[in-house]
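J.: okay, sequence plus prediction incoming.
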Amino acid sequence: MHQGSCLCGAVSFSVTAEPKGASVCHCGQCRKQSGHLWASAYAPETEVEITGPVKWYEASKTAKRGFCPDCGSFLFWKAHDEDTISFALGALDGPTGIRLEKHIFVADRGDYYDIADGVPQKD
């Protein structure tokens, strides 16, 4: 099981399923909301227990983003038509054993950095 929380601790979550799809998103929305990029993995929504006052923001017609209304930590991404939820890898406590599988939306990445870690990239 993995556990995580926001910066101030008002929102916490636990993931009982094995996380899948560990990725770094370079899309414009993730860059704007996080200030750089967003690393996440996903699990079935039924295997992610969230405690605390998450605020949801619909950034598009296809998905919403969950964050702490107190400290602003960007914690979750949820597609409307999927039964999974993505959670921020940076919010997890302790060693995770999770390894990145891919970088996504790299065509939208900022021009101020390079991706040189050898992990596969997708536009």
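T.: Looks like it came in fine.
J.: which residues touch the worst-scoring helix or strand of the chain on mean pLDDT?
T.: In the chain, the helix or strand scored least confidently by mean pLDDT, DSSP states H and E is helix 28-34, which has a mean of 95. Residues outside helix 28-34 that contact it (CB atoms under 8 Å, 6 or more residues apart in numbering) are 37, 38, 59, 60, 65, 67, 74, 105, 108, 109, 110. C-beta coordinates here come from the backbone N, C-alpha and C atoms, glycine included.
J.: give the contact list for the fourth one.
T.: When the contact criterion is CB under 8 Å, 6+ apart, the partners of residue 60 are residue 29.
J.: state the pLDDT value of it.
T.: For residue 60, the pLDDT comes out at 93.
J.: tell me what residue 103 is bridged to.
T.: residue 24, residue 121 (DSSP bridges).
J.: contacts only, for it.
T.: 23, 24, 25, 26, 115, 119, 120, 121, 122.
J.: out of those, which are buried?
T.: Neighbour-count burial (16 or more other CB atoms under 10 Å) applied to the contacts of residue 103 gives 23, 24, 25, 26, 121.
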